[in-house]
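K.L.:
Here is a sequence with its predicted model. Questions after.
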Amino acid sequence: MTLFKSREALLALAILVTLGVIAARFPAFVAPSNLANVFNDTAPLMLLAIGQMIVILTKCIDLSVAANLALTGMVAALMNGAGVPLPLILCAVVALGAALGAVNGVLVWKLGIPSIVVTLGTMTIYRGTIFLMTEGKWVNAHEMSDAFKALPRHVILGLPVMSWIAIATIAVFAVVLARTALGRAFYAVGGNPHAAVYAGLDVGRTQFWAFVISGALAGVTGYLWVARYAVAYVDVAGGFELDVVAACVIGGIAIAGGAGSLWGAMLGALFLGVIKNALPVVGISPFWQMAISGLAIILAVAFNAAQRRPRGRLILREAAQ
Amino acid sequence: MQPVLRLRGISKSFPGVKALQGVQLDLYPGEVTALIGENGAGKSTIVKVLTGIYQPEEGTIEIDGRGVRLTSADAAARAGVTAIHQETVLFDELTVAENIWLGHAPRGRFGLIDRRAMREGAARLLAGIGAQIDPGARLGDLGIASRHMVAIARALSIEARVVILDEPTAALSHKEIHELYDLVEKLKRQGKAILFISHKFDEIFRIADRYTVFRDGQFVAEGRMAEVTEGALVQMMVGRSVDQIFPARVHNVGAPVLTVAGYSHPTEFADISFTLHRGEILGFYGLVGAGRSEVMQALFGITTPSKGACRVDDQVRVIRSTAEAVDAGIVYVPEDRGRQGAVKGLPIFQNVTLPSLGAVSRAGFLRMAEELALARDYTRRLDLRAAALDQDVGLLSGGNQQKVVIAKWLATRPRVIILDEPTKGIDIGSKAAVHAFMAELAAEGLSIIMVSSEIPEVLGMSDRVIVMREGRIVDEVSGERMTPETLVRAAAGLAVAA
């Protein structure tokens, strides 16, 4: 029974059931190579969901991730066009993404503006900046160097580099969240900001670092996205921030902060990824996809609400001790 | 004369606390009854019973001789009971007229709200109490005194028989207080029965006709103000049977550890100077809102004092953040555990190690084994009852949560620990454990500041007691002067008994 009480187990089960239903009619969908494709396709969503999850843990939200991704992706494409070597581009996208995240973080930390307002503003500013840089022109595949385009697709041990980057990032943040003071601070600050202050934690600074992490991950994803799809323009990943938030909510990250696991967020992202890839195979209109992810969000939130219903003071259990 | 409101045998308990035990209260038409008692005597609980927020487990409530059940705030309002609180519960964004009529607005055609009747009715009610307030003004733009007027007009709009004034003068200026007195006179002439709750004796003697005294949730006495003296009232408030046993203390006070000189804050407190010695328990007594917690928050770096100096072990310390306070060896266990203490959702051991993360890390990585060892060490010393250290703190009882918070701070190995209302709202058994542990810590040489509003606790545990009133230290009591009367008189601003 405890297995079904764990949200992660339940979500994993939901993904397996979905895969099973699809496999019954389209066995090719569950072939290892296709599953690897689905995973690779979901990698950007997972990368952004890591950052978003951390931001949500601290009682904030980052709506600017997709715009950050588009801007850093465009900068990467332009740098590539100017002949900048690839390693330098990779460093630059992480730094730029982190800097754009730091802008959000500083506004939340030092000015105390609600994060939803801050990131709604910067989301528009970052998209607008792309337009100002390019006057709306696209950077197309033939304007990108082969090395630039090849890196995310390069296959190592059966998986493309993009998937490996996602796996490595998940591993790093699993350690950061479980085993570092900063990771603990993300949970404490969101779980009870007042108590965190009394414990000597700086709530604003912790939130700042959450935004920096979210921004840096958006930066990396910006390069991966633009290189993989071999195109950069103003509206790259338009509206993708909502998918990212959805992945976190489905994964059981409490929108009020302080609760949720990295594995939950990753399974939430995978669930959305499976649905998105399966629907065209099954022959269902992509418009249903939106309805299904919407339904999944509501179910997830309802599940959360049911789980957090006050359980009383467990008087019997305490008396038994 | 028949009372308008008659309460008999009212009992209300919360987990671990009997807030009211069979109390009685009578309110008479056209008279002001003062409800007198220490902090925790059950005054605010009875207000919540009367306004339908709490349902008593036992007892009867009669209005005009008919038994009523006040099952909700709405039911209380319909029965004619209304309360004006310290912080009036009104809506800033609505207009004065809307606030007055919310929930019982006059209806016009088609059952729609008749805005004109509402505005005219509000103007009439406000004029009736001599308040010059525009019914169309936004409530948020008014001062506190005007808000009181609006609250009173609202009380009149529901044709209340019983008006409860819960420390109405706490936030008012001198002039506003006099306007309030005039208003109370008007309400008396209209035949309202008024319950007046205040800690200020001069006020009580000025406007009350009768008194009722509660102590520890029990009814003590009632009578006419004309037939009682201040001294007799104080005696009724504090005279108690000693029903709590405090641990034997080794009064072994050593060298000064913490010296505070002239701590002042622009709005909260002024000229706070005291010395705390090694192994000493220093009590801080005062009424709620006397500024005790504010001083402690400044010592802990939550707020910054505008003036004054603080020395720990002869070393001047500037404390501007909690991290600097912990570094100086000062820690603070706040009063409001729910908000400021435990992080619910995190397991017990992670709560304990939260301020000591550096000590349980190696090369920047937390060591779970060391975290558990630290948490086990301190929770065991406090006799924490929990199934496992990775249990969610939110599932523990209040007393055990308090132990986790105390363990968290002891784990930082402080010189000075400040306990703000350490046993508020926890059961007797846990209280005794906390007291015993405090005595043990002091015996080991830790210096303790205990902020408490419970007189037996202050007297039973402290070596010395500092009494604060309105942001200042008004008395320091030790030895034979440590009596309930001295503390209550100093805290209430009465002359010291001869």
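P.N.:
Structure's in. What do you need?
K.L.:
mind checking the SS state of residue B:331?
P.N.:
Recorded secondary structure, residue B:331: strand (DSSP: H, G, I helix; E, B strand; the rest coil).
K.L.:
partners of it in the sheet?
P.N.:
Taking DSSP bridges as the rule, residue B:331 bridges to residue B:417.
K.L.:
Just to check, residue B:157 is in contact with residue B:121?
P.N.:
Yes. The criterion here is Cβ atoms under 8 Å, and residue B:157 meets it with residue B:121 at 6.9 Å. Bear in mind the C-beta positions are built from the backbone N, C-alpha and C, glycine included.
K.L.:
all strands of the stretch 51-200 of chain A, in order?
P.N.:
Shown for the stretch 51-200 of chain A, the strands assigned by DSSP state E, counting those that start in this stretch span residues A:155-156, A:159-160.
K.L.:
and among those, the most buried is which?
P.N.:
Counting by mean count of other Cβ atoms under 10 Å in any protein chain shown, strand A:159-160 has the highest mean neighbour count of the strands of the stretch 51-200 of chain A, with a mean of 18.
K.L.:
So in that sheet, which strands flank that strand, and in what orientation?
P.N.:
By DSSP bridges, strand A:159-160 pairs with strand A:155-156 (antiparallel).
K.L.:
what's the strand it pairs with in contact with?
P.N.:
The contact list for strand A:155-156 (Cβ atoms under 8 Å, 6 or more residues apart in numbering or on different chains) reads A:161, A:164.
K.L.:
Give me the neighbour count for the spatially closest residue to residue B:422 that is not a sequence neighbour.
P.N.:
Excluding the flanking residues, the one nearest residue B:422 by Cβ to Cβ, 6 or more residues apart in numbering or on different chains is residue B:434, at 5.5 Å. Using other Cβ atoms under 10 Å in any protein chain shown, residue B:434 has 22 neighbouring residues.
K.L.:
Wait, a helix at residue B:434?
P.N.:
Yes. Using three-state DSSP, the assignment for residue B:434 is a helix.
K.L.:
Distance check, it against chain A.
P.N.:
Note on residue B:434: its distance to chain A, by Cβ to the nearest Cβ, to the nearest Å, is 17 Å.
K.L.:
cool, and residue B:232?
P.N.:
Taking Cβ to the nearest Cβ, one finds residue B:232 at 42 Å from chain A.
K.L.:
Next one: that residue relative to residue B:278, how far apart?
P.N.:
Remark: distance between residue B:232 and residue B:278 (Cβ to Cβ, to the nearest Å) = 42 Å.
K.L.:
Looking at the two now, which is surrounded by more residues?
P.N.:
Set side by side, residue B:232 and residue B:278 show more neighbours around residue B:278, with 18 against 14, by other Cβ under 10 Å.
K.L.:
What is the neighbour count of the nearest residue to that one once chain neighbours are set aside?
P.N.:
What sits nearest to residue B:278 in space, not counting adjacent residues and going by Cβ to Cβ, 6+ apart, is residue B:254, at 3.3 Å. When counting by other Cβ under 10 Å, one arrives at 11 neighbours for residue B:254.
K.L.:
for the residue nearest to residue B:422, what are its contacts?
P.N.:
B:399, B:402, B:403, B:406, B:422, B:423, B:426.
K.L.:
Name the SS class of residue 213, please.
P.N.:
All of this is about chain A. Using three-state DSSP, the structure places residue A:213 in helix.
K.L.:
Actually, chain B is the one I wanted.
P.N.:
Here residue B:213 takes the strand state, with states given by three-state DSSP.
K.L.:
try residue B:248
P.N.:
coil.
K.L.:
count of neighbours near the residue nearest to it when sequence neighbours are not counted?
P.N.:
Nearest residue to residue B:248 in three dimensions, chain neighbours excluded: residue B:439, at 7.4 Å (Cβ to Cβ, 6+ apart). Neighbours of residue B:439 under the rule other Cβ under 10 Å: 18.
K.L.:
For residue B:439, give its distance to residue B:280.
P.N.:
Plainly put, residue B:439 is 12 Å away from residue B:280 if you go by Cβ to Cβ.
K.L.:
mind checking pLDDT for the residue nearest to residue B:422?
P.N.:
Each residue has a pLDDT score; the one for residue B:434 is 81.
K.L.:
do the same with residue B:241
P.N.:
pLDDT for residue B:241: 46.
K.L.:
on that earlier part again, export the strands of the stretch 51-200 of chain A as CSV, with columns for distance to residue B:390 and mean pLDDT.
P.N.:
Below are the strands of the stretch 51-200 of chain A laid out as CSV (distance: least, Cβ to Cβ, whole Å; pLDDT from 0 to 100):
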stretch, distance to residue B:390, mean pLDDT
strand A:155-156, 38, 92
strand A:159-160, 35, 94
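K.L.:
tell me, what's touching residue B:157 and residue B:121 both at once?
P.N.:
In contact with both residue B:157 and residue B:121: B:100, B:101, using Cβ under 8 Å, 6+ apart.
K.L.:
Write out the residues of chain B neighbouring chain A.
P.N.:
B:15, B:300, B:302, B:321-323, B:326, B:332, B:334, B:336, B:339-346, B:350, B:354-355, B:357-358, B:361, B:364-366, B:368, B:385-387, B:395, B:397, B:408 (Cβ under 8 Å from any Cβ of the partner chain).
K.L.:
so where's chain B uncertain?
P.N.:
The model of chain B has pLDDT under 70 over residues B:15-17, B:86-89, B:170-171, B:239-245, B:337-339, B:425-429, B:495-498.
K.L.:
State the distance from residue A:119 to residue A:103.
P.N.:
10 Å.
K.L.:
More neighbours: which of those two?
P.N.:
Remark: of residue A:119 and residue A:103, residue A:119 carries more neighbours, 29 against 20, as counted by other Cβ under 10 Å.
K.L.:
how close does whichever residue of the stretch 101-250 of chain B sits closest to chain A get to residue B:180?
P.N.:
Proximity of the stretch 101-250 of chain B to chain A (Cβ to the nearest Cβ) peaks at residue B:140, 20.1 Å away. Look at residue B:140 and residue B:180: by Cβ to Cβ, they are 21 Å apart.
K.L.:
Per the annotation, how does chain B divide into domains?
P.N.:
As assigned by automatic domain parsing, chain B contains the domains B:5-238, B:256-492.
K.L.:
Does the most centrally placed residue in chain B lie in a helix or a strand, and which?
P.N.:
With distances taken as Cα atoms, centre = their mean, the residue of chain B nearest its centroid is residue B:288 (4.7 Å). Assessed by DSSP states H and E, residue B:288 sits outside every helix and strand.
K.L.:
any idea how far residue B:167 is from it?
P.N.:
Distance, residue B:288 to residue B:167, by Cβ to Cβ: 9 Å.
K.L.:
Give me the three-state assignment for residue B:187.
P.N.:
helix.
K.L.:
Next one: the residue of the stretch 1-150 of chain A found nearest chain B, what pLDDT does it get?
P.N.:
Nearest residue of the stretch 1-150 of chain A to chain B, counting by Cβ to the nearest Cβ: residue A:57, 10.3 Å away. If you check residue A:57, the pLDDT there is 95.
K.L.:
how close does it get to residue A:107?
P.N.:
Taken as Cβ to Cβ, the span from residue A:57 to residue A:107 is 19 Å.
K.L.:
Going by how many neighbours each has, rank those two and give me the top one.
P.N.:
Of the pair residue A:57 and residue A:107, residue A:57 is the one with more neighbours under other Cβ under 10 Å, namely 30 against 20.
K.L.:
middle-most residue in chain A, spatially?
P.N.:
Using Cα atoms, centre = their mean, the most central residue of chain A is residue A:49, at 1.6 Å.
K.L.:
Let's see the pLDDT reported for that residue.
P.N.:
97.
K.L.:
how many neighbours does residue B:456 have?
P.N.:
16.
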